[in-house]
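*Asks:* Let's see this in three dimensions:
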Amino acid sequence: QVQLVESGGGLVQAGGSLRLSCAFSGGTFLNYAMGWFRQAPGKEREFVGGVGRRSDVTLYEDSVKGRFTISRDNAKNTVYLQMNNLKPEDTAVYYCAADRTGPWYIPQVGHEYDSWGQGTQVTVSS
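*Replies:* Predicted structure coming up:
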């Protein structure tokens, strides 16, 4: 059974940076696309971005393009979300998710993902 554990959240001032990590276990990491989602209070969960089984295949939601970078380290079974130039509207609980899928596909909707982490809080102060 796949397990995902996020870390790296915290409180940061606007314009600052954070790097979230998501440790994967219980399966063959290379067989999974990995996604990051976030949910702010009172809002629905939204797709932030994802990385395919191929590390060079990535996808981002428009509001984070150019500020967030997703990468994966297949030797460490870990996916990262590097967040730069953070804004107060980035405040949310961030979740990583895993989907066993083909090499080129990155799901953008939550119900396509098989496994989820517990989430980590990111708070950006103005």
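*Asks:* Determine which residue lies closest to the centroid of the chain.
*Replies:* The chain has residue 36 as the residue nearest its centroid, 2.4 Å off, counting by C-alpha atoms, centre = their mean.
*Asks:* What score does that one have for pLDDT?
*Replies:* At residue 36, the model reports a pLDDT of 98.
*Asks:* Quick check: closest non-adjacent residue to it.
*Replies:* Excluding its sequence neighbours, the residue lying closest to residue 36 (C-beta to C-beta, 6 or more residues apart in numbering) is residue 48, at 4.3 Å. C-beta here means a position set from N, CA and C on the backbone, and glycine is covered the same way.
*Asks:* My guess is the one you found contacts residue 37. True?
*Replies:* Yes - the pair residue 48 and residue 37 passes the contact test of C-beta atoms under 8 Å, sitting 6.0 Å apart.
*Asks:* Thought residue 77 was touching residue 25, still the case?
*Replies:* Yes - between residue 25 and residue 77 a contact is recorded at 6.6 Å, counting by C-beta under 8 Å.
*Asks:* So if I had to pick from those two, which one is more boxed in?
*Replies:* Taking neighbours as other C-beta atoms under 10 Å, residue 25 and residue 77 compare with residue 77 leading, 17 against 11.
*Asks:* who's in contact with that one?
*Replies:* Each residue near residue 77 by C-beta atoms under 8 Å, 6 or more residues apart in numbering is listed here: 23-25, 29.
*Asks:* swap the cut-off to 6 Å and go again
*Replies:* Counting by C-beta atoms under 6 Å, 6 or more residues apart in numbering, residue 77 makes contact with 24, 29.
*Asks:* Same question for residue 117.
*Replies:* Neighbour list for residue 117: 4-6, 22, 95-96 [criterion: C-beta under 6 Å, 6+ apart].
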